[in-house]
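Enquirer: the following comprises the amino acid sequence and a computationally predicted model.
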Amino acid sequence: MSIAQDLIIKAERRQIQFGIVGLGYVGLPLAVELAEAGYRVLGFDINPDVVEGLNAGRSHVKDVTDAQLRKQCERFSATTDMSRLSEPDAVSICVPTPLSKFKDPDVSYIVAATEAVRKRLRRGQAIILESTTYPGTTREIMLPALESTGLKVGQDFFLAFSPERVDPGNPHYGTRNTPKVVGGITEDCRRVAVALYQPAIDTLIPVSTTEAAELVKLLENTFRSVNIGLVNEMAIVCDKLGVDVWEVIDAASTKPFGFMKFLPGPGLGGHCIPIDPHYLAWKMRGLNYKTRFIDLAGELNTEMPEFWVRKLSEALNGQGKAVRRASVLVLGVAYKRDIDDIRESPALDIIRLLRGQGARVTYSDPHVPRFREDGQEFRSVELTPELVAAADCVMIVTDHSSVDYRMIKRTAKLVVDTRNALPKEV
């Protein structure tokens with residue numbers, strides 16, 4: 001029996017131990033689903049506080065409750081000891097992939113995780129990268145490192161790419177019921193990876209290569225970035241024409257074909273949409289091709305915080321006030337509603353721009369009690385009618401289900417609302 005077939009049979013019998021490198025927004029929900037499916041799961045993370053909390057049944061990720069974690073206590077454990085990477089039969093790598101300050105891919109976390117795996121790689125292991133990255137990363141970075149051990153891909157070990165599709169806070173789609181794309185270096189690599197994920201994921205979508213799987217993730221988020229850029233530009237166009245952009249979008253969305261509704265807002269935030277298109281643009285620059293749609297959408301979306309600060313300035317001017325020394329209350333600093341994630345949040349840019357113009361800025365966010373930016377710590381204030389009434393302007397950046405927006409609209413001297421996620425009657 002081949003090593004590939006042996007792994008597939010063990011997966012069917014749940015005789016596999018899974019290793020998850022990186023226990024954040026992607027890795028921890030995956031670990032819990034794999035444990036729920038009957039696998040033994042060993043999680044790896046470099047943060048000892050995270051590991052200690054998880055082993056005590058405390059989740060640091062909103063999409064995994066303490067109760068869900070404790071339910072899997074017999075199948076799941078966490079460690080900081082990377083020497084134990086030789087133990088799992090399958091290892092999924094779920095580490096961050098940020099951008100450098102020059103908007104180039106930073107694959108240092110992938111390189112570090114690959115090196116940790118390489119040192120302990122053994123025959124019969126499957127390695128699956130989930131971190132979003134540029135097309136070619138799995139084959140060009142991971143494969144040579146792992147084959148430097150003398151083991152042969154597709155025979156001795158198996159290498160695949162399966163992009164994460166995590167939407168933090170989504171009440172309808174999680175790790176299990178979101179279709180999962182899988183591409184392998186070889187056909188057997190793909191077969192093994194599909195078999196390993198089969199018990200934990202409802203729908204698996206095999207593709208022919210790791211490059212195809214890597215590009216799927218970039219296409220998904222580039223599609224959103226470009227369309228959000230288009231609708232953000234439409235918001236600027238409508239503003240100049242004196243037309244209500246929300247009315248235009250609502251009317252256009254009644255068309256039952258050929259139109260998909262996107263909404264303008266304060267800019268892009270999160271760990272995917274503001275970052276992923278840059279991976280593709282960077283890769284194409286190396287092939288002497290300029291990704292014009294991607295670059296233009298990035299410019300438009302990046303400029304939205306400045307647009308909204310200008311709108312706030314105009315609104316204050318209309319009341320005979322200047323931005324300088326004005327008291328501005330910012331509602332919501334997470335990049336989307338009802339989560340605690342501030343990565344790439346446009347609210348941070350808005351706060352920085354307002355402070356740069358001399359405004360006195362406070363913020364309120366029930367999910368982000370504090371954050372640090374440019375060496376300074378900011379703390380959320382309790383949202384009260386008195387606080388709202390005292391502000392010269394309230395700017396709604398991210399809406400939250402626990403906030404009484406009717407009170408805000410009724411009490412505030414001036415409201416600048418960057419989003420259309422609020423009830424129509426507010």
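Expert: Yes, it's here. Because the structure is a prediction, the values reported are computed rather than measured.
Enquirer: make it CA atoms for all contacts and neighbour counts henceforth
Expert: Noted.
Enquirer: look at Glu140 and tell me its secondary structure.
Expert: Secondary structure, DSSP: H, G, I helix; E, B strand; the rest coil: Glu140 is helix.
Enquirer: what's the spacing between it and Gly154?
Expert: Computed as CA to CA, to the nearest Å, the Glu140 to Gly154 distance reads 16 Å.
Enquirer: who's more crowded, the two?
Expert: Legend: neighbour count by other CA atoms under 10 Å for Glu140 and Gly154, higher for Gly154 (20 against 10).
Enquirer: would you agree the more buried one is in contact with Thr186?
Expert: Yes: with contact defined as CA atoms under 8 Å, Gly154 counts as touching Thr186 (5.8 Å).
Enquirer: list residues touching both of the two?
Expert: Applying CA atoms under 8 Å, 6 or more residues apart in numbering, one finds that no residue jointly contacts Gly154 and Thr186.
Enquirer: in the lengthiest helix in the chain, what counts as buried?
Expert: When the chain is parsed with DSSP state H, its longest helix is helix 210-241. Across helix 210-241, burial judged by 16 or more other CA atoms under 10 Å covers 210-218, 221-236.
Enquirer: poorly predicted segments of the chain, please.
Expert: 101-102, 271, 420-426 (pLDDT under 70).
Enquirer: tell me where it has strands.
Expert: For the chain, the strands defined by DSSP state E cover 17-21, 40-44, 76-79, 90-93, 126-129, 158-161, 180-184, 204-207, 327-331, 360-364, 370-373, 376-379, 393-396, 415-417.
Enquirer: export the ones you listed to CSV and tack on mean neighbour count and distance to Ser313?
Expert: Listed next are those as CSV, based on neighbours: other CA atoms under 10 Å; distance: least, CA to CA, whole Å:
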stretch, mean neighbour count, distance to Ser313
strand 17-21, 26, 46
strand 40-44, 25, 48
strand 76-79, 22, 50
strand 90-93, 26, 46
strand 126-129, 26, 46
strand 158-161, 30, 47
strand 180-184, 26, 45
strand 204-207, 16, 49
strand 327-331, 23, 11
strand 360-364, 20, 13
strand 370-373, 12, 23
strand 376-379, 11, 23
strand 393-396, 24, 10
strand 415-417, 20, 10
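Enquirer: out of those, flag the one nearest Leu69.
Expert: strand 76-79 (8.2 Å; CA to CA).
Enquirer: could you check how far the residue lying closest to Tyr39 once chain neighbours are set aside is from Arg40?
Expert: What sits nearest to Tyr39 in space, not counting adjacent residues and going by CA to CA, 6 or more residues apart in numbering, is Arg14, at 5.4 Å. According to CA to CA, Arg14 and Arg40 sit 8 Å apart.
Enquirer: which residue, neighbours along the chain excluded, lies closest to Ser86?
Expert: That would be Arg120: by CA to CA, 6+ apart, it lies 4.9 Å from Ser86.
Enquirer: the one you found reaches Asp89, doesn't it?
Expert: No: counting by CA under 8 Å, Arg120 does not reach Asp89; the two are 11.6 Å apart.
Enquirer: among these two, which residue is more densely surrounded?
Expert: It is Asp89, of Arg120 and Asp89, that has more neighbours when counted by other CA under 10 Å, with 23 against 15.
Enquirer: state the distance from the more buried one to Glu147.
Expert: 17 Å.
Enquirer: let's have the strands of the chain in CSV, adding distance to Asp349.
Expert: CSV is the format used below for those (distance: least, CA to CA, whole Å):
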stretch, distance to Asp349
strand 17-21, 32
strand 40-44, 33
strand 76-79, 36
strand 90-93, 31
strand 126-129, 32
strand 158-161, 34
strand 180-184, 33
strand 204-207, 38
strand 327-331, 12
strand 360-364, 12
strand 370-373, 10
strand 376-379, 14
strand 393-396, 13
strand 415-417, 16
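Enquirer: quick one, which of those strands is nearest to Ala347?
Expert: strand 327-331 (8.0 Å).
Enquirer: okay, that closest one in PDB with CA atoms only?
Expert: Taking C-alpha atoms only, strand 327-331 is exported to PDB below (Å, rounded to 0.1, in the frame of the first residue of the first chain):
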ATOM      1  CA  SER A 327     -14.700  67.600  20.000                       C
ATOM      2  CA  VAL A 328     -15.200  64.500  17.700                       C
ATOM      3  CA  LEU A 329     -16.700  61.300  19.000                       C
ATOM      4  CA  VAL A 330     -15.800  58.300  16.700                       C
ATOM      5  CA  LEU A 331     -18.200  55.300  16.900                       C
END
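Enquirer: quick one: list the elements packing against the longest helix of the chain.
Expert: strand 158-161, strand 180-184, helix 245-252, helix 276-285, helix 292-318 (3 or more CA pairs under 8 Å, 6 or more residues apart in numbering; DSSP states H and E).
Enquirer: how far is that helix from where the chain is centred?
Expert: 15 Å (CA atoms, centre = their mean, to the nearest Å).
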